[in-house]
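Participant: Requesting a structural model of the entry that follows:
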Amino acid sequence: MTWPPQSPELNPLEMVWGELDRRVKAKGPTSAKHLWELLQDCWKTISDEPPRSYSSGCATKNVCGQARSMSVLPNVYSESNILCAPANSTDLKPGNFLWCLTCFSYTEDHCLGDEIMCSPGEDVCVREYLRTIHDGWDVTEITRRCGKSIECGRVGSIRSTEKTMLVNTSCCYGSNCEPPATTLPSISDEDNGLICPDCFAKKSDRCKHFNNIKCTGDETRCMSYVKTEKFVTESLHGCTTEKICEVGSRTVKLTGRYKKSIIHNITCNSSNTWRSAIYSLFILLVPVLCLMKACL
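Facilitator: Next up, the predicted model:
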């Protein structure tokens, strides 16, 4: 983004002076000495708590999606995040600005990150737990980010014979709110009589060889899942739960120090009972067996 010279509207220092002026006036200085004392005291609070300002209006395409940070003075920083929506859109409304903590960690106590302004359509702050079991590894990840309310309560499993993912998502409403801590679902060993196509392929958006997998617990749907992060893609077919299918495909974007974009493409359909599958196979084999007996 080109920074226009001599522009007080876009000069971040002007926002600092404006905030300092408002804080000093609110305390009501009574003398020049008192004014000087208030200026010093209020300046210290601004250094620890950078002011935020919100504006809405018209913009050109070249500034949309811009995010930048810059140092104004020692310990005083300015961060701008420009969000856009098509003309006549209702996605951006005056005062409709949500801020959420964005962080990524393997432990609950060390999820440290930045407060990020959410994009249009993101109306909740999300805490997401993801446990991945694959190739001898068992790793749990915790992500805090902006999200959509449809993600709230997204709990369940995505499972093939080679890879299993357990997920649980909680939400809260309001800037910098604290989504409740949750627990991941357990892996059930109880066969529920359903069967799905099964495969897992690294570095590919499609599988070439399929087997069958027996679903367990509340896994009532078959799914095709393709994950793309940067330029790395993997695909999986197997069993999943109803909640995973309800949310469906989505794109998760993290900004700030954890900047990345992950595309989740999910297609679900009904499972088949393995008993019905065996019965259908038996019906197909009966004519063959009869022909073989006639030949003998």
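Participant: any idea how far Ile133 is from Tyr227?
Facilitator: Tyr isn't right for residue 227; it's Lys. Lys227 sits 15 Å away from Ile133, going by C-beta to C-beta, to the nearest Å. C-betas here are computed from N, CA, C, even on glycine.
Participant: cool, and Thr143?
Facilitator: Taken as C-beta to C-beta, the span from Thr143 to Ile133 is 18 Å.
Participant: more crowded one of the two?
Facilitator: Between Thr143 and Ile133, counted using other C-beta atoms under 10 Å, the more crowded position is Thr143 (21 against 16).
Participant: Read off the pLDDT value for that one.
Facilitator: You'll see Thr143 listed with a pLDDT of 92.
Participant: can you offset everything so residue one is 642?
Facilitator: That works, and once the first residue is 642, the last one we named lands at Thr784.
Participant: hang on, it packs against Glu769?
Facilitator: Yes. If you go by C-beta atoms under 8 Å, Thr784 and Glu769 touch, sitting 4.6 Å apart.
Participant: what about Asp662, which helix or strand?
Facilitator: helix 653-668 (DSSP states H and E).
Participant: quick one: average pLDDT of that helix?
Facilitator: Rounded mean pLDDT across helix 653-668 is 73.
Participant: Kindly report the same for stretch 674-693.
Facilitator: Stretch 674-693 comes out at a mean pLDDT of 73.
Participant: go on, stretch 758-765?
Facilitator: pLDDT averaged over stretch 758-765 gives 86.
Participant: Can you get me the start-to-end distance on it?
Facilitator: 11 Å (C-alpha to C-alpha, to the nearest Å).
Participant: buried sites along it?
Facilitator: By 16 or more other C-beta atoms under 10 Å, the buried positions in stretch 758-765 come out as 758-761, 763-765.
Participant: Which of those fall in strands?
Facilitator: 758, 765 (DSSP state E).
Participant: Of the buried residues of stretch 758-765, just say which sits nearest to Ser890.
Facilitator: Distance to Ser890, by C-beta to C-beta, is smallest for Glu763 among the buried residues of stretch 758-765, at 16.2 Å.
Participant: So the closest one versus Ser790, what's the distance?
Facilitator: In this view, Glu763 and Ser790 are 9 Å apart by C-beta to C-beta.
Participant: cool, Asp682 as well?
Facilitator: 41 Å.
Participant: Overlap of the contact sets of Thr784 and Glu769?
Facilitator: Common contacts of Thr784 and Glu769 (C-beta atoms under 8 Å, 6 or more residues apart in numbering): none found.
Participant: Start from the N-terminal end of the chain and give the helices.
Facilitator: Taking DSSP state H as the criterion, the chain carries its helices at 653-668, 673-689, 883-888, 915-936.
Participant: Assess the claim that Thr824 and Ser811 are in contact.
Facilitator: No. Counting by C-beta under 8 Å, Thr824 does not reach Ser811; the two are 10.2 Å apart.
Participant: show me the contacts for the closest residue to Glu883 other than its chain neighbours.
Facilitator: Spatial nearest neighbour of Glu883, chain neighbours left out: Thr861 (5.9 Å); criterion: C-beta to C-beta, 6 or more residues apart in numbering. Contact partners of Thr861, counting by C-beta under 8 Å, 6+ apart, are 833, 835, 882-883, 912.
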